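Asker: one predicted model, sequence on top.
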Amino acid sequence: MNRIEELGSLARSLGCEARYGEPMSRHTTFKIGGPADLFLTVEDRPSLQKLCRRAAELEIPVFPLGNGSNLLVSDEGIRGAVVSFGGGFRRVELCGETALECGAGASLAAVCSFARRCALTGLEFAWGIPGSAGGAAFMNAGAYDHSVSEVIAACSHVARDGKAGIFRGEELEFGYRHSAYSGGGYCITGLRIALRHGNREEISARMEELYRRRREKQPLDLPSAGSVFKRPKGHFAGALIEQCGLKGRRVGGAAVSGKHAGFIVNLGGATCEDVKKLIAVIRQTVLRQTGVRLECEVRMVG
């Protein structure tokens, strides 16, 4: 039994699902990515702690996976163990009068819907972001001039050595598409979200208005990883890309969206290399024509 098989065997003994050679294309919104050595679905923190501790002893890297909505995974896949969060990690609960406690595996859609049912406001901007709560905290996801850093009060986590901990307030080190977790070494397990009392009808109307804007402007009908580039200071990446005549530019199965130039879409059969080559073309062209250096927002893994 090799090290990967040993970790998989431990996972199964803990009641976790363990699959070998799992295609990551099944777990990313881009529908791109080669096989993970070991794909684990973990449902509770004690199991996660034991698996992280043993993985560290076996020198197996652990990659925590959210909804796969901001990832470009290598065609060669991911070495080590990928951890997906199921079971209790998908819970969403009311804590006190205006705070929510949610597991890292809960979808942002589920969290936003729960907040609406409780007539709590402050999270409407996140309606339609296709990520998990943990992934949103990891990258400080945002939209429409707001970000989750405005509402996250604390994040719990399990470190590489299996120890549980929590970051609060300034410890979270939120910045533009950045958090204290951005450097790796932790699996986010849960969030506390601080909201405010609001009017349910007004909350619902705002959510639906923002989602309508998304449908009109973004290519939601094709696989993508959302906005490919961070917003350059004083500019919008999509506008720069369109200005450079790159809408529709294609490499293999990957193309700059004709609907929103800030998106790269998978037209069918796109590979990681197709997307990386297209990103290079975009960055070089925009730099040459405008002098603006685009920085990737999509996380490249594997």
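Answerer: Arrived safely. What you see is a predicted model, and the numbers here were worked out from it, not measured in a lab.

Asker: burial measure for Glu201, as a count.
Answerer: Look at Glu201: counted by other CB atoms under 10 Å, it has 10 neighbours. Glycine gets a C-beta too; all of them are placed from N, C-alpha and C.

Asker: check the one 4 residues further on too.
Answerer: Here the number of neighbours of Ala205 (other CB under 10 Å) works out to 12.

Asker: go on, Asp161?
Answerer: So Asp161, with other CB under 10 Å, has 12 neighbours.

Asker: ok, it touching Arg53?
Answerer: Yes. With contact defined as CB atoms under 8 Å, Asp161 and Arg53 form a contacting pair (6.2 Å).

Asker: helix/strand/coil for Ala11?
Answerer: helix (DSSP: H, G, I helix; E, B strand; the rest coil).

Asker: now it, nearest residue through space, not along the chain?
Answerer: Of all residues not flanking Ala11 in the chain, Ala18 sits nearest, at 4.3 Å (CB to CB, 6 or more residues apart in numbering).

Asker: that neighbour contacts Val42, correct?
Answerer: No. Between Ala18 and Val42 there is no contact, the gap being 9.8 Å when judged by CB under 8 Å.

Asker: common neighbours of these two, please.
Answerer: Listed as contacting both Ala18 and Val42 by CB atoms under 8 Å, 6 or more residues apart in numbering are Ala11.

Asker: so where's the stretch 51-200 of the chain shaky on pLDDT?
Answerer: Applying pLDDT under 70 to the stretch 51-200 of the chain flags no residue at all.

Asker: helices of this structure, start to end?
Answerer: 3-13, 45-57, 108-117, 133-139, 200-217, 237-243, 272-290 (DSSP state H).

Asker: nearest to Gly88, of these?
Answerer: helix 45-57 (7.8 Å; CB to CB).

Asker: rewinding a little: ok, the residue nearest to Ala11 - contacts?
Answerer: Contacts of Ala18 by CB under 8 Å, 6+ apart are 8-9, 11-12, 38-40.

Asker: many thanks, we can stop here.
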